[in-house]
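In: quick one, what's the 3D model for this:
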Amino acid sequence: MGRRRSASGREESVEPNLTPMLDVVFIMLIFFIVTATFIKQAGYDPARPEADTARKKPTVSVLVAISPTGDIWIDKEKVDVAAVRTHIERIHAENPKGSLVIQADKDAKYEKLEAVINAARAAGVLEVAISTDQ
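Out: Got it, this is the predicted structure:
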């Protein structure tokens with residue numbers, strides 16, 4: 001960087017100390033990693049029904065997809081109806097402020113949708129929404 005002459009007449013190299021800056025950057029990186037929210041994708045993209053009153057959900061932590069054949073997908077794996085509650089509890093424990101969004105295919109059976117909603121309520125998730133196209 002710069003050079004300066006000492007009292008003895010020799011030139012010394014003067015460089016800034018980067019250690020405090022690296023400490024701050026490392027602390028900021030840890031802060032952003034800890035406060036980040038991660039959305040668990042369903043693993044199946046259904047043809048959603050259309051709705052005139054659709055609104056965006058700001059905090060989503062769990063996505064559950066229901067296929068037209070009645071398959072339930074959570075976190076990119078096919079889940080049995082009996083295991084839906086435990087999967088929702090596990091994912092919701094990671095981000096308790098988030099809500100659950102059900103992506104049900106427009107040809108899916110109502111019984112599967114009802115089973116997922118009941119499992120979410122039993123798991124303690126009170127904010128449940130159904131995904132639609134506008």
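
In: how about the strands in this protein?
Out: Listed in chain order, the strands of the chain (DSSP state E) span 2-5, 11-14, 60-66, 72-74, 77-79, 99-104, 128-130.

In: for Ile74, grab the count of nearby residues.
Out: A count of nearby residues for Ile74, using other C-beta atoms under 10 Å, gives 24. C-beta here means a position set from N, CA and C on the backbone, and glycine is covered the same way.

In: can you check the one 5 residues further on too?
Out: As a burial measure, Val79 scores 21 neighbours (other C-beta under 10 Å).

In: same question, Ala115
Out: Counted with other C-beta under 10 Å, residues neighbouring Ala115 total 18.

In: residues contacting it?
Out: Contact partners of Ala115, counting by C-beta atoms under 8 Å, 6 or more residues apart in numbering, are Val81, Val84.

In: could you redo the last one with a cut-off of 6 Å?
Out: Applying C-beta atoms under 6 Å, 6 or more residues apart in numbering to Ala115 gives the contacts Val81.

In: separation between it and Ala108?
Out: 11 Å (C-beta to C-beta, to the nearest Å).

In: ok, which of the strands of the chain comes nearest Phe31?
Out: strand 60-66 (19.9 Å; C-beta to C-beta).

In: give the bridge partners for Val14, please.
Out: Taking DSSP bridges as the rule, Val14 bridges to Gly2.

In: settle this for me: Arg85 is touching Ala123, isn't it.
Out: Yes. Between Arg85 and Ala123 there is a contact at 5.1 Å, judged by C-beta atoms under 6 Å.

In: returning to that earlier point: looking at the strands of the chain, which has the lowest confidence?
Out: Mean pLDDT is lowest for strand 2-5 out of these, coming in at a mean of 62.

In: show me where the chain has helices.
Out: Taking DSSP state H to define them, one finds helices in the chain at 19-35, 84-94, 110-122.
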